[in-house]
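Novice: fold the following.
(2 chains)
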Amino acid sequence: MEAILKGEGISVGYQQNTIIQEMDVQIPKGQITSIIGPNGCGKSTLLKALSRMMPVKTGQVILDGQQIAQLPTIQVAQKMAILPQSPQAPGGLTVEELVAYGRYPHQKGFGKLKSEDHKAIQWALEMTHMEAFAQRNIDALSGGQRQRAWIAMALAQDTPLILLDEPTTYLDMAHQLEVLELLKDLNETSHKTIALVIHDLNLAARFSHWMIAMREGKVLYEGTAEAVMTREVLADVFSLDAYVDKDPWTGRPMCVTYRIKPVYSKN
Amino acid sequence: MWTKHLKKKGRQATVITVLIVLLFVAVWADINAGYRQITLAQLWQILTGHGEAGLTYTLIHLRLPRVLTSLLVGVGLAVSGCVIQGVSRNDMAEPGILGINAGAGLFVAGFIVFFSGSGLSASLLLPFLAFAGSVCTALVDYRLALTRQGLSPRRLLLIGVAMSTAISSVTTMLMLRMSDSEYAFVQNWLSGSIWGATWPNVVMLFTGLVLFTGFVFYKSRTLNVLTLGHQTATGLGVSVSRQTVILLGAAIAMSSLCCAVGGGLSFVGLVCPHLARRLVGPNFKILIGTTVLTGALLMTVSDIISRTLLSPNEISIGIVAAVIGAPYFLYLLIRS
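Specialist: Next comes the predicted model:
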């Protein structure tokens, strides 16, 4: 397995409070990777450390064979795009303007848009089906459209790797599915490596090639969806008693129903 | 889609044209706001060197420096406010909130209390004192706001508010020791009045503002990305802490220059960027130019009113600007 992004012995935290202790983690190239785990397990912190939003206290993050701390931030931005959790745009900004901001790492000086910038913006709008909304204000969009606009901005950045922190939060089922279908499409047609933090386990298992299950700042399990989406793993990671079966339509593992694991069982 | 796009561009062009025309009208009215009226023909004569001596003197040495100073102060404060609001992502931010005006006020008041009898010329020294007071306050703000994670604009604003209040109370204590005329002078200064209207100041202000506004305009691409928040900006390849310090530094330098000749003007830096954003949207590439125009316009109009309403007495221009600006600002808040 070739890793496009990895953390080697990384510890991350705020002030005295260490959230992740000496973790080794890898994001495989060309695949969709989901990071799952209960609230407060350090999923988002891991994503922030891997994307240089938070400094690591020990260890190092390696992007495409190079230490991220040694690379100029603009070069990192040409290789890796990040979509934070619920990002905010200033009022009155149009979708097209927002997507154009994604060209930042490829611009110099005043940043007049060149033909390759226009091409990348156009492509990003097409991929996300946002062409019709290009001149709309971001504030006037629905939740699903807004998330697609932000993904379009990350796409305009034209990077081989895209990290997303809970891109489906606050969306209804249909729009969550739409976002994941879009990511799948990007992975298949444009060979983007995608890593995301996500709460919906069934969506994660349905769309990911690789899953990383975390608890209390540690990676407990990692592997294919079939290997991670099991009764035992869900019991260890979420303390859930889950009934896992094959999705009759997609053939992927899915959690059909679940209950809080009784305290007298294992552990 | 393209028609809508063009409509927006067209609207922006219209807004800017209208603002420029209004500004020319206001400047002309401001030149004529006073005891002696000047006609266009007379202006032409003066400019070509054939004007009547008295009128030439009035225009060149009294009116023009005054008009240009108020215009430039408006530009500087508005652009400064525009940058501070963008970098801090806080719509209530303005240069005054950082205690810049208060710091200048303290130095001015301190000078008058401790050195007024020493024969030092106040009118020459005051701009420098005011500038020093502003910069000192900004440096203390910066030092206190700095944490291990770098500079947090939010923390800077909070510290600015506290500093501003603390400094103002010290200034008030100093003012209690003043004579009535000194007290009146400082009070007038604090509420903002164009008293440093001389050609050297105009040249200094103009040069400084052209440099800083040009720099900020050149950085508009970075400002745009910074308004998307710390994380998104980092992801797009901006060194957020460094750029924040550089841009806030430029904003503070601009407002300190303005404060040195215009006193403690507040509100201009708050309301003008809002007005501009309302007119052309949040994209700094067009917003900065529009803010220059709204700032210039508000201060020129305020200057007209401040010199004519109670003529021959003058009202502090800062008070006029607030009286015009506050209701408009309330209107904006109620509508949105």
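
Novice: do you know how far residue B:271 is from chain A?
Specialist: Distance from residue B:271 to chain A, counting by CB to the nearest CB, to the nearest Å: 16 Å. Any C-beta I mention is one placed from the backbone N, CA and C, and that applies to glycine too.

Novice: name the nearest residue to that residue, ignoring sequence neighbours.
Specialist: residue B:325 (4.1 Å; CB to CB, 6 or more residues apart in numbering or on different chains).

Novice: can you give me the domain boundaries for chain A?
Specialist: The record assigns chain A these domain ranges, following the TED database: A:3-64+A:160-260, A:89-158.

Novice: for chain B, find the nearest of those domains.
Specialist: When the domains of chain A are compared by CB to the nearest CB, domain A:89-158 sits nearest chain B, at 3.8 Å.

Novice: switch the domains of chain A over to JSON lines; also include mean pLDDT, distance to residue B:188 and mean neighbour count.
Specialist: Formatted as JSON lines, the domains of chain A follow (pLDDT from 0 to 100; distance: least, CB to CB, whole Å; neighbours: other CB atoms under 10 Å in any protein chain shown):
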{"stretch": "domain A:3-64+A:160-260", "mean pLDDT": "95", "distance to residue B:188": "48", "mean neighbour count": "18"}
{"stretch": "domain A:89-158", "mean pLDDT": "94", "distance to residue B:188": "37", "mean neighbour count": "19"}
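
Novice: and these as CSV, adding distance to chain B?
Specialist: Output for those, formatted as CSV (distance: least, CB to the nearest CB, whole Å):
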stretch, distance to chain B
domain A:3-64+A:160-260, 5
domain A:89-158, 4
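
Novice: now these in JSON lines, with distance to residue B:21?
Specialist: Shown next, in JSON lines, are the domains of chain A (distance: least, CB to CB, whole Å):
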{"stretch": "domain A:3-64+A:160-260", "distance to residue B:21": "46"}
{"stretch": "domain A:89-158", "distance to residue B:21": "24"}
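
Novice: quick check: residue B:269 touching residue B:75?
Specialist: No. With contacts counted by CB atoms under 8 Å, residue B:269 stays clear of residue B:75, the gap being 10.7 Å.

Novice: which of the two has more residues huddled nearby?
Specialist: residue B:269 (32 against 27; other CB atoms under 10 Å in any protein chain shown).

Novice: residue contacts, that one?
Specialist: By CB atoms under 8 Å, 6 or more residues apart in numbering or on different chains, the contact list for residue B:269 reads B:77-78, B:80-81, B:84, B:94-96, B:255.

Novice: check which helix or strand covers it.
Specialist: helix B:268-280 (DSSP states H and E).

Novice: so for the helix or strand just after that helix, what's the average pLDDT?
Specialist: Scanning forward in sequence from helix B:268-280 by DSSP H and E, the next helix or strand is helix B:284-308. If you average the pLDDT over helix B:284-308, you get 95.

Novice: now swap in stretch B:225-238 and tell me
Specialist: Stretch B:225-238 comes out with an average pLDDT of 95.

Novice: what is the end-to-end distance of that stretch?
Specialist: 8 Å (CA to CA, to the nearest Å).

Novice: just the residues contacting that stretch, thanks.
Specialist: Contacts for stretch B:225-238 (CB under 8 Å, 6+ apart): A:48, A:51-53, A:73-78, A:80-84, A:87-90, A:98, A:101-102, A:104-105, A:154, A:157, B:86-87, B:89, B:222, B:240, B:243-244, B:247, B:282, B:284.

Novice: restricted to strands, list these.
Specialist: If you go by DSSP state E, these have A:80-83 in strands.

Novice: tally of neighbours for the residue lying closest to residue B:220 once chain neighbours are set aside?
Specialist: Distance criterion CB to CB, 6+ apart; nearest residue to residue B:220, sequence neighbours excluded, is residue B:284 at 3.7 Å. Using other CB under 10 Å, residue B:284 is surrounded by 25 other residues.

Novice: picking that back up, how far does the helix or strand containing the residue nearest to residue B:271 sit from its chain's centre?
Specialist: Under the criterion of DSSP H and E, residue B:325 resides in helix B:317-335. For helix B:317-335, the separation from the chain centroid amounts to 15 Å (computed by CA atoms, centre = their mean, to the nearest Å).

Novice: same check, this time on stretch A:178-195
Specialist: Taking mean C-alpha positions (CA atoms, centre = their mean), stretch A:178-195 and its chain are 11 Å apart.

Novice: three-state assignment of the residue of the stretch 201-336 of chain B found nearest chain A?
Specialist: Going by CB to the nearest CB, chain A is nearest to residue B:237 of the stretch 201-336 of chain B, at 2.9 Å. Three-state call for residue B:237 (DSSP: H, G, I helix; E, B strand; the rest coil): coil.

Novice: tell me the contacts of the closest residue to it other than its chain neighbours?
Specialist: Of all residues not flanking residue B:237 in the chain, residue A:77 sits nearest, at 2.9 Å (CB to CB, 6+ apart). For residue A:77, the contacting residues are A:104-105, A:157, A:159, B:235-237, by CB under 8 Å, 6+ apart.

Novice: cool, residue B:300 as well?
Specialist: B:23, B:26-27, B:30, B:67, B:70-71, B:74.

Novice: longest single helix anywhere in the chain?
Specialist: Defaulting to chain A. Assignment by DSSP state H gives helix A:173-190 as the longest helix of chain A.

Novice: if you could check chain B rather than the one you did, that'd help
Specialist: Longest helix in chain B, counting by DSSP H: helix B:2-31.

Novice: hmm, back to that, and the residue nearest to residue B:271, what pLDDT?
Specialist: We have a pLDDT of 85 for residue B:325.

Novice: so how far is residue A:92 from it?
Specialist: Plainly put, residue B:325 is 20 Å away from residue A:92 if you go by CB to CB, to the nearest Å.

Novice: where does the nearest residue to residue A:223 once chain neighbours are set aside fall, phi/psi-wise?
Specialist: The shortest distance from residue A:223 to any non-neighbouring residue, by CB to CB, 6+ apart, is to residue A:211 (6.7 Å). The phi and psi torsions at residue A:211 (degrees, to the nearest 10) take the values phi -130, psi 140.
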